[in-house]
Structure formats: structure tokens, C-alpha cells
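> Here you go, sequence then predicted model.
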Amino acid sequence: MTLKALFAASATAALLLALPANAAELTIGFSQIGSESGWRAAETSVSKQEAAKRKVNLKIADAQQKQENQIKAIRSFVAQNVDAIFLAPVVSTGWDSVLKEAKEAKIPVVLLDRDIDPSGKELYLTAVTSDSVHEGEVAGDWLVKTVGDKACNIVELQGTVGASVATNRKKGFDAAIAKHANLKVVRSQTGDFTRAKGKEVMESFIKAEGGGKSICAVYAHNDDMMVGAIQAMKEAGLKPGKDILTVSIDAVPDIFKAMAAGEANATVELTPNMAGPALDAIAAFKEKGTIPPKWIQTESKLYTAADDPQKIYDSKKGLGY
Amino acid sequence: MTVLLPRRGLAQILALIVILAVDRVVSPQFFDLRLQDGRLFGSLIDVLNRGSPVALLSLGMVLVIATRGIDLSVGAIMAISGAIAASLADSHGLPIVLAAALGAGLICGLWNGFLVAVLGMQPIVATLILMVAGRGIAQLITEGRIVTFSSPDLVWLGNGAILGLPVPVAITLGMLALSCAVVRGSALGLLIEATGGNARASELAGVGTRAMILAVYVWCGVCAALAGVIAAADIMGADANNAGLWLELDAILAVVIGGSSLFGGRFSLVLAVLGALIIQTMNTGILLSGYPPEFNLLVKAGVVLAVLLLQSPKFSGLAGMAMRLRRTKA
């Protein structure tokens, strides 16, 4: 093979390699935790959609819930010299050395959905997460507005005892109703974030509160427990959504099904779209050098029966929840 | 059997009565019953209904424990059978759904039995394999999401009623009667006890100990699968991450509360189910009491300790001595 031919070949190869970079302006590596829940699956599919919308080449690495896999993925992204790295950290500590490697390679890192240990603040560009205290507040505010001046006994289905999400969602809700003496949480018990326990606990609430007649509203820390509670109310001959108001958090598809049937009133969304704001921040950072704030809070949107629940159900059910 | 019950079950019956009385105190309407949509409605019915899955598990577990074994995989088997039932429910008839779900439980039981009886593995290790892998299998079936269904036949299994009694309760009673008839109505119970008491001696005496061990694990798998179908039917969906989670421990606890020895050779089916009822009576009482949930596990541990102390011969000996001492002092 002559030298000329070799040059020509390598030039063609270089051109071919350069092509995808032209079609997609940015290449971003995303170290995802794994398929721990339906929400996580939805986050992955929404991230793909958002990346495609912006013509970003998103490489997703599934860590199967293991930190060592995430560290390996980040190292391989650094070796590939990607434009940015998204990280949904499975745990909050132990990221210092690998994030330093990314920093030395001048690759910005954005945290999605979860924050990491405070000592590592300078090691990432920004964190895109929701505020679970605020989610509880939005739920509480809706109930305050809906109930008005009437006296209202609330029963609460808590998440797993000790889980920070459960503690925060309780704190936010309590703060929202604190100024309104007519709203009172009369019973609060853990339903472990599951449908089965949500149903069992609601059954006991109904019996303890005189067949459910004195209950005015149910607040559940997640939609799954509410789906179980709705079944318990129906089996007790009550009409959820009418006799008893319901408000829960997450906005999973099944709660919209219940809403469309008139059996649920409101849900606060924990958006699976964490990648969208992160992609925008990275684009601005790369183009204009804009440094984003250290924390980008996602919107905690309230959905009620007025938002065409059937349509939202149809759009959400394919996301893998 | 009928002669045995009052003497051996005294501690359990006493414990149940005490816990029921406490429940009555924390919740005055505990014994209220009414008919709601052709189904009995009240806290007592909740106890029976919510206790059914663990009672079914304990029916299988008690025989495994009687052979000096243990089955940690029952919770995972529940998740698998629930996942299978939920995925098939809307496209197939109930007989096929049940056959597939229970068949899966049977295969799981065969696997456990094969590891223990044929390969001679330690039961706790052998069943630990399926405990871990089984939940993964269930997650594969459901693709990590909660699979919901609306098939009225399957929903009836969880929420229907037979003569006012919730279907899960009726199924549990049926299974209890069936297993009592088969195990105690023949020499089977004796052979199982012999296997657990001394496998080598029994083998030499002509007992097919391998077949016995294989059979109890298969039975345990089928019971777990049935519990899984009921749990899925109850919430009209299969939640592979949470269905049956930690219930293997409740089932073992129920068997122990029922007075069966973890060293095998001694068991009672009725008392194991009673043990499951004691656990659920306590759980329902805790939910009704209105205590903050942070106390749930503490209260539970305290009650379990008290029930087990009641049964301990040494403890009752000590208590008797203390009483006598006091009397002599006075």
C-alpha cells in the first residue's frame, strides 16, 4: 500500500469518525442506577426522548444498582472524552476520586435526581433534583384550597419509616396545613410505599374512624399507596374522590386512571424529566460558558381531574412506569 | 388431633385471647361486624383476610421445618407466581392462570427439594439461592413495573366472598383442612416427623426420607404460589419488588409461635395457622392503635418475645419458683 493510499484511507476514516459528531453536536454519557423502580425506567425513556429532541448523542450505562459499575461507567466516559457526564448516584458517598478524574479531563458532571455528599460540591457542575419538602407543600396547599373553611380530618399514609423522601413529604405537608386549624391529621401510619400495605393501613383507618365517615381526606406519600387505599375505600362502600378527597405524590400512570374514573382528586408530579433541564444547562455552559446554579429544582406540578387525566395516562403508560 | 389441641395449644390460644383483648381496648369497635356488598366487614375479618397469605405460607413452612429444614424462598415464590398470574390474567381463563402460577410454585419447590434432598445442601443455603434469584425472576416477568389486570375472575380470588367470608380466608381454611386430612389422616405426618427427628435412623427403618423432603418443599412451593396469587388478586396487580417481601420470616415466626421445633420432628398444622393469626391480630391492633409508626417494630418484637416466653418450659419453671419464693416470704 502506498503512502498516498494510506493517507487517503486515514482521511476517509477521520471523516467517517467526524460525521456522527457533526450530526449530533454533543455526546453525553449517562450513568443510570438501573431498573430499581417504574419511575427509574420512565426517567431513562424520557432522557432518551429529551436527548433526541436536542439531537444530543446520549450514551446510557445501566449500573444495575451498583456503585462500582457507575464508577467504571464514568471512567469509560472519561476515556471516550465525552462532552459531559450525567450521573444518577446510587449512594451519596465515595465519588470523590472518580469525579476528580472527570474534572481533570475537563468534563463537566451533572447529578440527576439525587445529590451526593456535601464534601464533593466543587466536583460537579450542578444537580438537577426535585424538592420533596416542596412536593408535600404543594399537596397540602391543594387540600387547604379545596377544603376551604370546613373542618377536615386527614389520614396520612407515610412512606417507609426513616426514608428521607417520606420524612420530607410529611414535613412539607404539615407545614402547608399548619396555619389552618380546620385541617387536622388524625391518623398517620406507614404503608411502606406499597399498594398492599397502603390498602391494609387504609382498611384499619376506616375501621378506627367509624367506618370512614369522619375522614375527609387521605394524603399518601406516593401514588401506589393511594391506589391501594382507593381499593380499601371502595370495598368499605365509600366513594373515594367524592366522600373522601385524595391527594398523593409521584404522578404514576395508574393514579391518572383512577382520576379519570373519578376515584382520585390530585397528585403532585415527581417529574421523570431530569435530563431535560440538565441538557439545557450543559448546552448553555458549552456554548456561552454560563455557569448554572449549583441546584436546579425541577417543577413539582399539581395534576387534578381538570387536566384530562385520560390523556396523561395514555402519554405516560408507555414510559415504563 | 382433637385430643392433642387443647393441651398443646393452650399457650397459643391464651396469647391470642390476650392480644384480642388488647385490640378491643385500643379499638372499641374491634369486634363490630356488618355485611358490606355481601361480604362481612370489620376488623376481625381484616385479621383473617390479611393473615391469609402468611397462614398459607406457614402451612407449607411447618412441614419443611418438621423435616429439620427451612425455606427462605417463599416470599420470592409469591412474587413469581403473582407476576405470572397478573401477566396472564387478562388474556387467559382462570384455570390456565392458576395452573401456570401454581405450576411455577411447584417447579420452585422441586428445585429447592432437589438441592436439599438430592444434592444434600444445607436448607438455609439452598433456599437462599431462590430467595435472591426468585425476586429477580419476578422482576424480569413484570419488567420492573407493577403489572395490573382487571380480569374479574382473578380479582374475585382476592376480593370476593363465599358465604360472607372473604375468598382468601375460605381458601386458607380449605387448604388447612386438606393438609390436615392428608398429613394427619395417613401415616404421612408420622413419616415426616421421623425424617426430621432422625433422618438416618428413619432411612434405615425404611422411610423414604428423600421423597419426604422433596415432597415437603414442593408442597411449600405450591402453598407459597397460592399465597402469591391471592396477594396479587388483592391489589389487582403484581408488584415484583414488594410482594411477599420478608414474609418468609413471618411464616417461620408463625411456625415457631405455633410451638413447632426448628430442630424438626414435631409440628402442628393448626397451631402454625394460629401462629399466623396471632401475628396478624397484633399487626392489625398496631395499625388501629394510632401509635406513631416508629413504634410498630418495637411493639411487635415485645409481643413475640412475650408469646415465646409463655411457651418456654424453663421460663414457666422460673416463674413458678419466683411465685413460691414470694409465698414463703409472705
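Structure's in. What do you need? Keep in mind that this is a model prediction, so the values were computed, not measured. Numbers count the residues shown, from 1 in each chain, chains lettered A, B, ... in the order given.
> which residues of chain B fall in strands?
Secondary structure of chain B, counting by DSSP state E: strands at B:34-36, B:39-41, B:147-148, B:161-162, B:165-166, B:237-238.
> Which strands border the second one, and is each parallel or antiparallel?
Neighbouring strands of strand B:39-41 in its sheet, by DSSP bridges, are strand B:34-36 (antiparallel).
> what's the residue nearest to B:Asn296 when sequence neighbours are not counted in contact with, if anything?
Computed as CB to CB, 6 or more residues apart in numbering or on different chains, the closest residue to B:Asn296 that is not its neighbour in sequence is B:Ile286, at 5.4 Å. Bear in mind the C-beta positions are built from the backbone N, C-alpha and C, glycine included. Listed by CB atoms under 8 Å, 6 or more residues apart in numbering or on different chains, the contact set of B:Ile286 reads B:295-296, B:299-300.
> Can you tell me which of the strands of chain B is most buried?
strand B:237-238 (a mean of 29; mean count of other CB atoms under 10 Å in any protein chain shown).
> same for that strand, what does it pack against?
In terms of contacts (3 or more CB pairs under 8 Å, 6 or more residues apart in numbering or on different chains; DSSP states H and E), strand B:237-238 is packed against helix B:74-89, strand B:147-148.
> try 10 Å this time
Packed against strand B:237-238 by the contact rule (3 or more CB pairs under 10 Å, 6 or more residues apart in numbering or on different chains; DSSP states H and E) you find helix A:223-235, helix B:74-89, helix B:123-142, strand B:147-148, helix B:209-235.
> Now do the buried residues in stretch B:253-272.
Under the neighbour-count criterion of 16 or more other CB atoms under 10 Å in any protein chain shown, stretch B:253-272 has B:253-260, B:264-265, B:267-272 buried.
> Which of those residues fall in helices?
Those of the buried residues of stretch B:253-272 mapping onto helices are B:253-257, B:269-272, per DSSP state H.
> For residue 262, which residues are in contact?
Chain wasn't specified; assuming chain A. If you count contacts by CB atoms under 10 Å, 6 or more residues apart in numbering or on different chains, A:Gly262 has them with A:239-242, A:305, A:309.
> actually chain B
For B:Leu262, the contacting residues are B:65, B:68-70, B:252, B:255-256, taking CB under 10 Å, 6+ apart as the criterion.
> Which pair of the contacts of B:Ile286 spans the longest distance?
Across the contacts of B:Ile286, the longest distance by CB to CB is 9.2 Å; it joins B:Phe295 and B:Lys300.
> more crowded one of the two?
B:Lys300 (16 against 13; other CB atoms under 10 Å in any protein chain shown).
> what's the nearest residue to the more buried one if we skip its chain neighbours?
Take B:Lys300 and drop its neighbours on the chain: the residue closest to it by CB to CB, 6+ apart is B:Met282, 6.3 Å away.
> quick one: pLDDT of that neighbour?
At B:Met282, the model reports a pLDDT of 95.
> Please apply the same query to the one 3 residues further on.
In the prediction, the pLDDT value recorded for B:Gly285 is 95.
> mind listing what the residue nearest to it when sequence neighbours are not counted touches?
Using CB to CB, 6+ apart and skipping residues adjacent in sequence, the residue nearest B:Gly285 is B:Asp23, 4.0 Å away. Taking CB under 10 Å, 6+ apart as the contact definition, B:Asp23 lies against B:30-31, B:43-44, B:47, B:281-282, B:284-286, B:288-289.
> Over to B:Thr281?
Residues counted as contacts of B:Thr281 (CB under 10 Å, 6+ apart) are B:15-20, B:22-23, B:30, B:43-44, B:46-48, B:50-51, B:303.
> one more time with 6 Å, if that's ok
Remark: with contacts taken as CB atoms under 6 Å, 6 or more residues apart in numbering or on different chains, B:Thr281 is in contact with B:19, B:47.
> Wait, A:Trp142 touches A:Thr267, no?
No. Counting by CB atoms under 6 Å, A:Trp142 stays clear of A:Thr267, with 9.5 Å between them.
> Mind checking which of those two has more residues around it?
Neighbours were counted for A:Trp142 and for A:Thr267 using other CB under 10 Å; A:Thr267 has more, 31 against 21.
> which secondary structure elements does whichever strand or helix holds the more buried one contact?
Counting by DSSP states H and E, the element that carries A:Thr267 is strand A:266-269. When contacts are defined as 3 or more CB pairs under 6 Å, 6 or more residues apart in numbering or on different chains; DSSP states H and E, strand A:266-269 packs onto helix A:132-147, strand A:245-250, strand A:302-304.
> buried residues in the very next helix or strand once past that strand?
On the C-terminal side of strand A:266-269, the nearest following helix or strand under DSSP H and E is helix A:275-288. Along helix A:275-288, these residues count as buried under the neighbour rule (16+ other CB under 10 Å): A:275-279, A:281-283, A:285.
> Could you dump those into TSV and include distance to chain B and pLDDT?
Supplementary listing: the buried residues of helix A:275-288 in TSV, determined by distance: CB to the nearest CB, whole Å; pLDDT from 0 to 100:
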residue	distance to chain B	pLDDT
A:Ala275	19	95
A:Gly276	22	96
A:Pro277	25	96
A:Ala278	23	96
A:Leu279	25	96
A:Ala281	29	95
A:Ile282	28	95
A:Ala283	31	94
A:Phe285	33	94
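> mind putting those in JSON lines, distance to B:Gly317 included?
Supplementary listing: those in JSON lines, determined by distance: CB to CB, whole Å:
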{"residue": "A:Ala275", "distance to B:Gly317": "67"}
{"residue": "A:Gly276", "distance to B:Gly317": "70"}
{"residue": "A:Pro277", "distance to B:Gly317": "69"}
{"residue": "A:Ala278", "distance to B:Gly317": "68"}
{"residue": "A:Leu279", "distance to B:Gly317": "72"}
{"residue": "A:Ala281", "distance to B:Gly317": "72"}
{"residue": "A:Ile282", "distance to B:Gly317": "73"}
{"residue": "A:Ala283", "distance to B:Gly317": "77"}
{"residue": "A:Phe285", "distance to B:Gly317": "75"}
